[in-house]
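Peer 1: Starting from these lines, generate the structure:
(one chain, ligands or ions: 1)
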Amino acid sequence: MEDRKPSDTTVTPIDLETFGVSEEFGFVLEDPLTDLPEYYRPWMDLAADITCLTETHQLRDKVKEMPLLSTQYLRSHREQRLAHLALSFITMGYVWQEGQGQPAKVLPQQLAVPYCAVSDALGLPPILVYADCVLANWKLKDPTKNLDTLFTFPGAETCKGFFLVSLLVEKAASTGMKVTYGIVTAMNSLQTHSTDRLQEALVMVTQSLRRMKECFQLMHLLMQRLQCGSRWKDNPMLPEGLRYEGVFQEPLQFSGGSAAQSSAIQCFDALLGVMQTDPSAGAFLKRMHDYMLPPHRALIQTISHSPPLRSYVLLVGDSHLARTYNTCVSQMVELRDYHLNMVARYITVPGNRAQAAARGCPLRGIGSALDKQGTGGSNPLLFLKAVRDSTRGAFIHIS
Ligand code: HEM
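Peer 2: Numbering: from 1, shown residues only. Have a look, this model is predicted:
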């Protein structure tokens with residue numbers, strides 16, 4: 001992110017709905033559908049039974065028997081999201097059914113053609129992304145309003161826990177207008193140059209970051225080992241990528257689903273003016289934009305191009321405001337520190353890796369390489385440390 005000067009301040013009013021963000025749910029898809037029109041029964045049946053079908057090695061045969069369905073009967077955004085989610089799960093199961101040693105190199109056209117079409121319509125790549133498995137993969141389990149996932153993989157409780165905790169973190173990022181409206185308020189504060197409103201907005205952002213960390217701590221209670229995700233980019237088992245039969249002649253490479261595809265965190269970075277000093281970490285985070293829904297990506301860009309908060313705080317020279325800003329940055333550092341510790345504990349500790357590899361998740365195609373490479377394809381600890389240190393770099397020196 002470039003260092004923006006306070007003098008180039010043209011403010012575009014931010015309407016969160018335009019960016020597919022709800023005041024209550026943030027980037028999480030509100031009230032996702034749990035079923036598609038009857039015509040799409042073959043997809044829904046396979047996705048719902050993915051664990052059994054992969055464990056019994058039947059999924060690939062079932063996919064080959066599947067009819068080639070048109071995507072023209074998907075009438076709404078929510079239907080398209082559910083279709084993308086279901087087809088992503090089937091694709092992951094199909095590719096990794098036989099484990100990391102024998103990934104499928106070609107996706108048959110009954111799956112590839114509608115998958116690429118619905119991906120195109122949504123502006124997402126044809127691979128399981130965070131916008132699927134976390135943001136659109138939930139329902140209320142019972143009248144007590146407990147959450148459940150729509151689809152999960154073998155090693156169900158691990159995957160489910162990861163998806164649901166991430167969902168809670170996302171929701172905490174925006175519940176009751178806290179973060180989302182906090183950002184809008186902050187931007188408007190810049191427009192009116194009202195230091196008091198900016199102060200309030202920063203306190204709201206800090207509260208949201210604190211709540212995100214609290215939700216994040218639930219991950220610890222799960223005592224699970226492995227983040228579910230997989231990819232066909234920089235993956236030695238699929239060096240050329242995956243061929244989508246009937247759509248593209250050449251194989252394509254895509255990074256796997258990763259919480260690095262969360263738009264919320266990147267919005268806070270943009271707001272606070274966090275600049276990635278490590279070029280490869282910066283490039284990785286930027287690349288993750290391609291795996292977000294276009295309106296979500298557009299919000300990050302809009303905030304990045306709005307009047308620079310940090311420069312404004314520096315310019316007014318109000319030490320109280322600078323301290324509030326620093327508290328917000330420090331909450332962001334704490335969140336990243338906590339995440340870093342989790343990753344060190346659950347991914348890079350050898351015993352945990354071995355357990356994870358033994359669990360039989362169809363995504364284990366990547367499991368054994370997680371000490372060196374995360375699901376997105378980065379070296380996780382070096383990458384996460386660089387991102388955390390860049391966040392620290394946003395602190396304002398108060399004399
Ligand atoms: C035990 C659970 C978790 C593990 C093992 C884990 C692992 C990782 C790894 C390996 C990366 C590096 C990028 C990659 O390779 O994909 C990463 C990045 C990231 N993760 Fe997680 N993650 C976990 C939970 C979460 C949760 C619940 C969230 C919040 C929704 C989250 C948010 C992020 C973000 C935002 C990044 C990008 C780096 C940053 O901006 O700080 N992670 N994670």
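
Peer 1: CA only for contacts and neighbour counts going forward, please
Peer 2: Will do.

Peer 1: Can you report how many residues lie near Asp31?
Peer 2: Neighbours of Asp31 under the rule other Cα atoms under 10 Å: 12.

Peer 1: Low-confidence stretches in the stretch 1-150 of the chain?
Peer 2: Residues of the stretch 1-150 of the chain that meet the criterion pLDDT under 70 lie in 1-14, 143.

Peer 1: Now it against the ligand: closest residue?
Peer 2: Distance from the ligand to each residue of the stretch 1-150 of the chain (Cα to the nearest ligand atom) is smallest for Val134, at 8.6 Å.

Peer 1: I'd say that residue and Ser166 touch.
Peer 2: Yes. Here Val134 reaches Ser166: they are 6.5 Å apart, a contact under Cα atoms under 8 Å.

Peer 1: And the two? Which one has more around it.
Peer 2: Each of Val134 and Ser166 has its neighbours counted (other Cα under 10 Å); Val134 has more, 26 against 23.

Peer 1: after the host helix or strand of Asp45, next one along is what?
Peer 2: Using DSSP states H and E, Asp45 sits within helix 41-48. Next in sequence after helix 41-48, counting helices and strands by DSSP H and E, comes helix 50-55.

Peer 1: in that next one, what's buried?
Peer 2: Judged by neighbour count (16 or more other Cα atoms under 10 Å), helix 50-55 contains these buried residues: Ile50, Thr51, Leu53, Thr54, Glu55.

Peer 1: what about it, distance to the chain center?
Peer 2: The chain centre lies 25 Å from the centre of helix 50-55; the measure is Cα atoms, centre = their mean, to the nearest Å.

Peer 1: list the helices and strands that helix packs on?
Peer 2: Judged by 3 or more Cα pairs under 8 Å, 6 or more residues apart in numbering; DSSP states H and E, the packing partners of helix 50-55 are helix 77-96.

Peer 1: Just the buried positions in the helix it packs on, please.
Peer 2: Buried residues in helix 77-96 (16+ other Cα under 10 Å): 78-96.

Peer 1: Next: stretch 203-216.
Peer 2: Buried residues in stretch 203-216, defined by neighbour count with 16+ other Cα under 10 Å: 203-213, 215-216.

Peer 1: How about stretch 69-76?
Peer 2: For stretch 69-76, by 16+ other Cα under 10 Å, it's Thr71, Leu74.

Peer 1: so where's the stretch 251-399 of the chain uncertain?
Peer 2: Applying pLDDT under 70 to the stretch 251-399 of the chain flags the ranges 347-378.

Peer 1: How are the strands of it distributed by residue range?
Peer 2: In the stretch 251-399 of the chain, no strands are defined using DSSP state E, counting those that start in this stretch.

Peer 1: Nearest to the ligand: which residue in the stretch 151-300 of the chain?
Peer 2: Ala260 (3.5 Å).

Peer 1: Figure out how far stretch 88-95 is from the centre of its chain.
Peer 2: From the chain centre to the centre of stretch 88-95 is a distance of 18 Å (Cα atoms, centre = their mean).

Peer 1: correction: stretch 114-128
Peer 2: Relative to the chain's own centre, stretch 114-128 is displaced by 16 Å; criterion: Cα atoms, centre = their mean.

Peer 1: got it, and stretch 139-155?
Peer 2: 19 Å.
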